[in-house]
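Undergrad: can't give you the sequence, but here's the structure:
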RNA sequence: GGAGGGAUGGCUGAGUGGUCGAAAGCGCGCGACUCGAAAUCGUGUUCAGGGCAACCUGACGAGGGUUCGACUCCCUCUCCCUCCGCCA
């Protein structure tokens, strides 16, 4: 959410942002409504002021005097008029609030304008492995080593709910633990284990609602949504807080299962682990001072990259263009890891700076040492990393001629010292 | 699920119908004292909307009601705490 004053003062910038992000929101209507709000508010204030004066005078008057009766009656009349206007004012405020939730964040000036084709590769790391045999894709490797049972997952919950089994389940758990340990020990993040269900308010705070309502699982009976990513619960941890400047920046990392309906995305990428309804992810979230957020975003990007470096998996980093980034973000990097079996790059992380966009929705502030006043913090988050696609790139990169899979050095301790996942 | 207690400023916590936006304390800002610091003393310090400003208006969990007037009385809801029941 952006400040309505800011929207008015930066009319052209906002119009541009809405267009570049391919959003559909009537800014002019919003401004018109706010002008109406101000006028109405002035009218109400004037009437209330009159009423207050009357009330105060009544206290001083003799109960039997004509003035007493007259003032009470006048005050009653005013009260009805005020109530009337207040209802109108309230409706307008509600409408403004609702509309405001659809105004996207403004892309940072370093972000390229355009659609996905305008994304920029900002970094490439690692050498693609040379195979002296034809590398298999993850589906074959999973099948050969019986790591995930897709059919039985479907039996339990429906298609695209994979069921990890045996060493596949072990590898998944190893990966999660490795990533959490890495971020807490080497990168100084505080671990959080949040609820997997989120209220409407929580999801509105981070910006998933209202826009992405159809992409989440909703439990009607309790009015709760299944967690689509750890970003909502972890960021809302500080909703309505005023944070001491001294303890900023705050770093959190959290493992959560993630649930997504992936409505409308069937057709492509539906085989195997690439796009599923339930998956695991380790998330990184930061709360920072406004001046530090872009530097902290670069650092967070590096923290996520470190996981792929430790696993020795080649990757590239993309700077997303205005049309490809999310609604709430002002700048987003994607990390894409290389899967040699299918010879493609898979998105394993998305790192976004939201500036004060989410903080404003969630009312998260800090007290500044400079002016002793409260200001909004900046929030940043990114996956560090999402497991299914990381799982894919691990098994495809570490596969051997006989179809077995070597275990990456850093994961061995988490696999009980095991060296290799053998074919069955 | 049942019974009871609570929600007030950055924090703790008074306030039970009329200058209460709110005592007191803590914290924080500024000043004095000091070579400097601590301690002490003085002083300031809620947020939001409107206005160039003086100032006006609103907000004591949220929404509604009673009243000329509500932090104070009534109703509904949310959240927290305690006890009982049930249960992985």
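TA: Ah, there it is. Values in this document were obtained by computation on a predicted structure and should not be read as measured data. Residues are numbered from 1 along each chain as shown, chains lettered A, B, ... in the order given.
Undergrad: sec struct for the residue in the stretch 301-424 of chain A that RNA strand B sits nearest to, please.
TA: Here the stretch 301-424 of chain A gets closest to RNA strand B at one residue, residue A:372, 4.8 Å apart by CB to the nearest atom of the strand. C-beta: built from backbone N, CA, C; applies to glycine. Here residue A:372 is recorded as coil under DSSP: H, G, I helix; E, B strand; the rest coil.
Undergrad: Got phi/psi on it?
TA: The main-chain torsion angles of residue A:372 are listed as degrees, to the nearest 10 and equal phi 60, psi 20.
Undergrad: Show the contacting residues for it.
TA: For residue A:372, no residue meets the contact criterion (CB atoms under 8 Å, 6 or more residues apart in numbering).
Undergrad: show me where the stretch 301-424 of chain A has helices.
TA: A:357-362, A:387-397 (DSSP state H, counting those that start in this stretch).
Undergrad: rank those helices by pLDDT, which is bottom?
TA: Ranked by mean pLDDT, these bottom out at helix A:357-362, with a mean of 91.
Undergrad: quick one: contacts of that helix?
TA: Applying CB under 8 Å, 6+ apart, the external contacts of helix A:357-362 come out as A:1-3, A:101, A:105, A:204-207, A:235-236, A:238-240, A:328-330, A:364-365, A:376-379.
Undergrad: go again using 6 Å as the cut-off
TA: A:1, A:105, A:205-206, A:239, A:328, A:376-377, A:379 (CB atoms under 6 Å, 6 or more residues apart in numbering).
Undergrad: repeat for stretch A:238-247
TA: A:205, A:362-369, A:374.
Undergrad: Just the buried ones out of the residues you listed, please.
TA: Buried residues within those, defined by neighbour count using 16 or more other CB atoms under 10 Å: A:205, A:362, A:364-366.
Undergrad: For chain A, what lies in contact range of RNA strand B?
TA: A:5, A:38, A:41-42, A:44-46, A:48-49, A:51-56, A:58-59, A:72, A:75-76, A:79, A:83, A:90, A:242, A:367, A:369, A:372-374 (CB under 7 Å from any atom of the strand).
Undergrad: Let me see the domain layout of chain A.
TA: Structural domains of chain A, as assigned by automatic domain parsing, span the residue ranges A:4-100, A:116-421.
Undergrad: Of these, which stretch is the most buried?
TA: Ranked by average neighbour count under the criterion mean count of other CB atoms under 10 Å, the domains of chain A are headed by domain A:116-421 at a mean of 19.
Undergrad: for that one, how far is the first residue from the last?
TA: By CA to CA, to the nearest Å, the extent of domain A:116-421 from end to end equals 38 Å.
Undergrad: Could you list the low-confidence segments of the stretch 301-424 of chain A?
TA: With pLDDT under 70 as the threshold, the stretch 301-424 of chain A has low-confidence stretches at A:424.
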